[in-house]
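Enquirer: Got a sequence here, can you build the structure:
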Amino acid sequence: MMPRTTQEVIDHDAQLVHDWRVTRLMRLGIPAALAEADADRLDWHQIAMLVHRGCPPLLALRIIR
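Expert: Next up is the predicted model:
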């Protein structure tokens, strides 16, 4: 087996982080397609704060976008 290049490791790690963010957004009630599209461009913590205070998930996403 050939060792992975630095770029392959970075790409793999970036994909893991992306997938983790998508999962967090979906657990907050964001539909999968929107979670996938927005996972790398917004802070899921901000959405979580709004949702946990009673804001509907899609409205929270719209506010944070």
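Enquirer: which helices and strands does the longest helix anywhere in the chain pack with?
Expert: When the chain is parsed with DSSP state H, its longest helix is helix 6-27. Judged by 3 or more C-beta pairs under 8 Å, 6 or more residues apart in numbering; DSSP states H and E, helix 6-27 is in contact with helix 32-38, helix 44-52. Placement of C-beta: from N, CA and C, glycine included.
Enquirer: Output those helices as CSV; include the columns distance to residue 23 and mean neighbour count.
Expert: Shown next, in CSV, are the helices and strands packed on helix 6-27 (distance: least, C-beta to C-beta, whole Å; neighbours: other C-beta atoms under 10 Å):
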stretch, distance to residue 23, mean neighbour count
helix 32-38, 8, 15
helix 44-52, 10, 16
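Enquirer: mind checking how far the nearest residue to residue 55 once chain neighbours are set aside is from residue 46?
Expert: Counting by C-beta to C-beta, 6 or more residues apart in numbering, the nearest residue to residue 55 once its immediate chain neighbours are dropped is residue 63, at 7.4 Å. Going from residue 63 to residue 46 by C-beta to C-beta, to the nearest Å gives 8 Å.
Enquirer: what do you get for residue 54?
Expert: 15 Å.
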